[in-house]
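Q: predicted structure and sequence below. I'll ask about it afterward.
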Amino acid sequence: MSDTFKKVYKQLHPENSALIVKIKESFEIVESILLKVKSREMSLALTNLEQASMWATKAIVMQDEHNGGNPI
């Protein structure tokens, strides 16, 4: 059986973990600016910002796994 839903995680290289934190902090800055406007369009922008954060994190995790736990 495959681990499609990633029930078990391995620890990332510390530099890759730090990169994820830096990316998420940057997204939080953008989010704080976007939250000043209340509209359907801005809600869509926020949803896509969350999605971008998820995919950026996934990319780093996948690259870490591909590189054998070495920094990107």
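A: Perfect, I can see it now. Numbering: from 1, shown residues only.
Q: so D64 is in contact with K58, correct?
A: No. Assessed by CB atoms under 8 Å, D64 is found out of contact with K58, at 10.7 Å. Every C-beta, even on glycine, is put in place using the N, C-alpha and C of the backbone.
Q: and those two? which has more neighbours close in?
A: D64 (22 against 11; other CB atoms under 10 Å).
Q: okay, the more buried one: pLDDT?
A: On pLDDT, D64 comes in at 92.
Q: identify the residues contacting it.
A: Contacts were defined as CB atoms under 8 Å, 6 or more residues apart in numbering; by that measure D64 touches L12, H13, N16, N70, I72.
Q: if I look at the third one, how far off is E25?
A: I take that to be N16. Counting by CB to CB, to the nearest Å, the gap from N16 to E25 is 15 Å.
Q: the more surrounded of these two?
A: Shown here are N16 and E25; by other CB under 10 Å, N16 has more neighbours (19 against 9).
Q: show me what contacts that one?
A: Neighbours of N16 in contact, by CB under 8 Å, 6+ apart: I60, V61, Q63, D64, P71, I72.
Q: drop anything exposed from those.
A: Neighbour counting with 16 or more other CB atoms under 10 Å marks I60, V61, D64 as buried within the contacts of N16.
Q: what segments of the protein are helices?
A: Under the criterion DSSP state H, the chain contains helices at 14-34, 40-66.
Q: tell me which of the ones you listed approaches F5 most closely.
A: Among the helices of the chain, helix 40-66 comes nearest to F5, with 13.2 Å by CB to CB.
Q: okay, buried residues for that closest one please.
A: Of all the residues in helix 40-66, those buried under the rule 16+ other CB under 10 Å are S53, A56, I60, V61, D64.
Q: please consider this matter closed, and thank you.
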